[in-house]
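Q: give me the fold of what follows.
(chains A, B, C and D)
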There are 2 protein chains.
Amino acid sequence: MQTDRHREVYDFLGAYIARHGHAPKLREIADHLGIRSRGVVHRYLSALRDEGLIAVEPFVSRGVRLRGRGRAAAKTATLPLLGRIAAGQPIEAIPGEDEIDLSEFFVNANRFVLRVQGDSMIEDGILDGDMVVVEKRDTADNGEIVVALIDGQEATLKRLQKNRDDSVTLKPANARLSPLRLSAARVRIQGVVVGQFRSYR
Amino acid sequence: MQTDRHREVYDFLGAYIARHGHAPKLREIADHLGIRSRGVVHRYLSALRDEGLIAVEPFVSRGVRLRGRGRAAAKTATLPLLGRIAAGQPIEAIPGEDEIDLSEFFVNANRFVLRVQGDSMIEDGILDGDMVVVEKRDTADNGEIVVALIDGQEATLKRLQKNRDDSVTLKPANARLSPLRLSAARVRIQGVVVGQFRSYR
DNA sequence: ATGCTGTGAGAACATTTGGAGAACATTACT
DNA sequence: AGTAATGTTCTCCAAATGTTCTCACAGCAT
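A: Predicted structure coming up:
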C-alpha cells in the first residue's frame, strides 16, 4: 500500500463490499474521499490492481473484487499503548512508551497458561474463567500466588504464606473460604503466577 | 547505531510501523523528536541507511523500510495451555486446545491499550494498574465496559447502561462509588473494553 | 585559539502525490 | 439508433514531501 489515500480506498472497498455485497462505483468512491474526479479514483484503483490487492474487470460497473485477503501479514503481538485512564481526567499519554509487546510481557520459556475455575481468588481480581500465566518453579516467596499440589492430588491456586514451624498456609482471596494450613511436606509448589488475562467476548 | 538520537529515530520507526503498517513521513518523525527541520530528519535516515539498518525509497513518501527484522518477527506470542485449575481437583487438561496465541487473543487493528488508574472497576476484577485492551468504537451495547468521554473533557472507564429517556448511566463496579446518569449528548463512547491483563512483577 | 562532532534551523530545489476536468470508450437501456 | 451512466485515458495544476545545501551553536579534545 503506497500512500495514505491508497489505504483509504482499499479500506472503503472492504467496508462497502462487506455491507452491500458488491463494489461501489467510481463516483461513490470519489464521494467518500471527498473528491470530484472519477479519473483520480481510477488511478487509485489501477495502483491497487498493480499491487495485486484487487482485481478489476475492465469497463464493468462495480467490477472490483478484493484479492488476497489471506492476511498473511506478519501478525505482530504489539498493541499501541495510549496512556493512562483514571476517573475524572482525560486520557493521559505515557511518555516514552508508545507500544506494548504482549509476547515480551508474557511469553517466556517454562511458562504456561491455566484457565481458572471458581471464585477462590476473586478478591485479587482473578475471576472465574480468567487465564493465568504460570512460571514453572518449585519454590516461591511469601505472598506470591502459586499453583500448589496438595498430597500429590489436588491442585489449587492460592496465595502462599510460609510459617515458622515448617508449615505453609494457602490463603484464598475470598472471604467465604478459609485458609488452609498444611505441613510443608504435603505441599508441592508447581509454579508461580506471573500474569493474568481475560477476554470479554 | 551511532548516537542516542539515531536510536530514537530507529525505535520510533519500529513503533510507528508496528502500529500503522507503514512508515511515518519526515514531518512526523520531526514532530516526535521535537524538531522542526525535515532536513535534519533526512540526515538521520541517511545515517541509518548507511549503517544498513533501514532501506529508503528515494523521493517517495513513507518510503522507509526496516531491515533485518527477521528476528523480531520470529518472536512467537504463544504459550502452552495446560488446562483448567480448580480447587479440589488436579489440573485438568483441556482437550483439543493445547496452546494459546496471545496475538490472536488480543491483537487487532483499531485496538489499543490503557493502563487503569483507580479502583472504580475493582468488583469486575479490573484493578489499579491493570491494562485494558480497548477496541475503538463509538457505540456500545448495554452492559459493556466502555471508555467514555464526558462533556469532551473527562475520560472514564465504566459499565454502560442505556436508559429509555435518551440518557445513559455509567456504572462503576465499586460499591463506594455511585453511578452517573447523564444525557446521551454529554457522553461520547471512545471504545469498548475487549480484554484485560496484568503482570505480577 | 582551533578544529571536530553532534545537533538544529531553514532556504532552495526535485520529485511525488493528490486533484480537476475534458475527451473518449464501453455498457446498459429505451 | 439514441441516450444516459459508467469506466478509461489524458493533460494541466497545486500542494505535500523528500533532498540538498549553508549557516549556527554548543560541547569537547587537542
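
Q: show me where chain A has its strands.
A: Under the criterion DSSP state E, chain A contains strands at A:54-56, A:64-66, A:78-86, A:99-101, A:111-117, A:131-136, A:145-150, A:154-162, A:167-171, A:180-183, A:187-199.

Q: which positions within the second one qualify as buried?
A: Same thing as strand A:64-66. Neighbour counts over strand A:64-66 (16 or more other Cβ atoms under 10 Å in any protein chain shown) mark residue A:64 as buried. Where C-beta positions appear, they are placed from N, C-alpha and C, glycine not excepted.

Q: other residues contacting it?
A: Contact with strand A:64-66 is made by A:13, A:14, A:17, A:23, A:24, A:45, A:53, A:54, A:55, A:56, A:57, as judged by Cβ atoms under 8 Å, 6 or more residues apart in numbering or on different chains.

Q: might you report the residue contacts of the nearest residue to residue A:30 once chain neighbours are set aside?
A: Closest residue to residue A:30 apart from its sequence neighbours, by Cβ to Cβ, 6 or more residues apart in numbering or on different chains: residue A:41 at 5.0 Å. Residue A:41 is in contact with A:9, A:26, A:29, A:30, A:33, A:35, counting by Cβ under 8 Å, 6+ apart.

Q: just give me the closest of those to residue B:138.
A: Using Cβ to Cβ, residue A:33 comes nearest to residue B:138 of the contacts of residue A:41, at 21.1 Å.

Q: pretty sure the closest one sits against residue A:5.
A: Yes: between residue A:33 and residue A:5 there is a contact at 7.2 Å, judged by Cβ atoms under 8 Å.

Q: so, in contact with chain B or not, stretch A:148-159?
A: Yes: interface with chain B: stretch A:148-159 contributes A:149, A:153, A:154, A:155, A:156, A:157 (Cβ under 8 Å from any Cβ of the partner chain).

Q: quick one, which of those are buried?
A: Neighbour counting with 16+ other Cβ under 10 Å marks A:149, A:155, A:156, A:157 as buried within those.

Q: run through the bridge partners of the first one.
A: In this case it means residue A:149. Note on residue A:149: beta-bridge partners by DSSP bridges are residue A:155, residue A:188.

Q: any idea of the pLDDT on it?
A: In this model, residue A:149 is scored at 86, pLDDT.

Q: need the contact list for it.
A: Contacts for residue A:149 were tallied using Cβ under 8 Å, 6+ apart; they are A:155, A:187, A:188, A:189, A:190, B:90.

Q: give me the common contacts of residue A:33 and residue A:5.
A: Shared contacts of residue A:33 and residue A:5 (Cβ under 8 Å, 6+ apart): none.

Q: if we can go back for a sec, list just the nearest of the contacts of strand A:64-66 to DNA strand C.
A: Within these, proximity to DNA strand C (Cβ to the nearest atom of the strand) peaks at residue A:57, which comes in at 9.4 Å.

Q: what is the burial count for residue A:160?
A: By the measure other Cβ atoms under 10 Å in any protein chain shown, the count of residues near residue A:160 is 20.

Q: break chain A into its domains for me.
A: Domains of chain A are assigned by automatic domain parsing as A:4-66, A:76-103, A:108-197.

Q: does the lengthiest helix in chain A reach DNA strand D?
A: If you go by DSSP state H, chain A has its longest helix at helix A:4-20. No: Helix A:4-20 does not reach DNA strand D (Cβ under 7 Å from any atom of the strand); its nearest approach is 7.5 Å.

Q: elements contacting that helix?
A: Here helix A:4-20 touches helix A:26-33, helix A:38-50, strand A:64-66, going by 3 or more Cβ pairs under 8 Å, 6 or more residues apart in numbering or on different chains; DSSP states H and E.

Q: ok, and for that helix, which residues are buried?
A: For helix A:4-20, a neighbour-count test (16+ other Cβ under 10 Å) marks A:6, A:9, A:10, A:13, A:16, A:17 as buried.

Q: from the residues you listed, pick the one nearest chain B.
A: Chain B has its nearest neighbour among the buried residues of helix A:4-20 in residue A:6, at 9.8 Å by Cβ to the nearest Cβ.

Q: in chain A, what residue is nearest DNA strand C?
A: For chain A, Cβ to the nearest atom of the strand, closest residue to DNA strand C: residue A:39, 2.3 Å.

Q: separation between that residue and residue A:64?
A: 16 Å (Cβ to Cβ, to the nearest Å).

Q: next: residue A:137.
A: Here residue A:137 is placed at a distance of 56 Å from residue A:64 (Cβ to Cβ).

Q: check residue A:200 too.
A: Separation of residue A:200 from residue A:64 (Cβ to Cβ): 36 Å.

Q: give me the mean pLDDT for stretch A:189-201.
A: The average of the pLDDT scores along stretch A:189-201 is 89.

Q: what does stretch A:13-30 give?
A: Mean predicted confidence for stretch A:13-30 is 86.

Q: tell me which parts of chain A are close to DNA strand D?
A: Applying Cβ under 7 Å from any atom of the strand, we find that chain A lies next to DNA strand D at A:25-27, A:38-40, A:42-43, A:45-46, A:56, A:58-63.

Q: write out the residues of chain A neighbouring DNA strand C.
A: A:2-6, A:30, A:33-40, A:59-61.

Q: mind giving me the PyMOL command for buried ones among those residues?
A: Selecting only the buried entries of the residues of chain A next to DNA strand C in PyMOL, with 16+ other Cβ under 10 Å as the criterion:
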select buried, chain A and resi 2+6+30+33
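
Q: my guess is residue A:166 meets residue A:183, correct?
A: Yes: using Cβ under 8 Å, residue A:166 is in contact with residue A:183, at 6.7 Å.

Q: what is the neighbour count of residue A:57?
A: Applying other Cβ under 10 Å, we find 11 other residues in the vicinity of residue A:57.

Q: phi and psi next, for it.
A: With angles defined as degrees, to the nearest 10, residue A:57 sits at phi -80, psi 120.

Q: ok, now which ones touch it?
A: A:63, A:64, A:65.

Q: re the thing from before, so for residue B:80, which of the strands of chain A sits nearest?
A: Comparing the strands of chain A by Cβ to Cβ, strand A:111-117 comes nearest, at 4.5 Å.

Q: spell out whether the closest one and chain B are in contact.
A: Yes: using Cβ under 8 Å from any Cβ, strand A:111-117 reaches chain B at A:111, A:112, A:113, A:114, A:115, A:116, A:117.

Q: many thanks, we can stop here.
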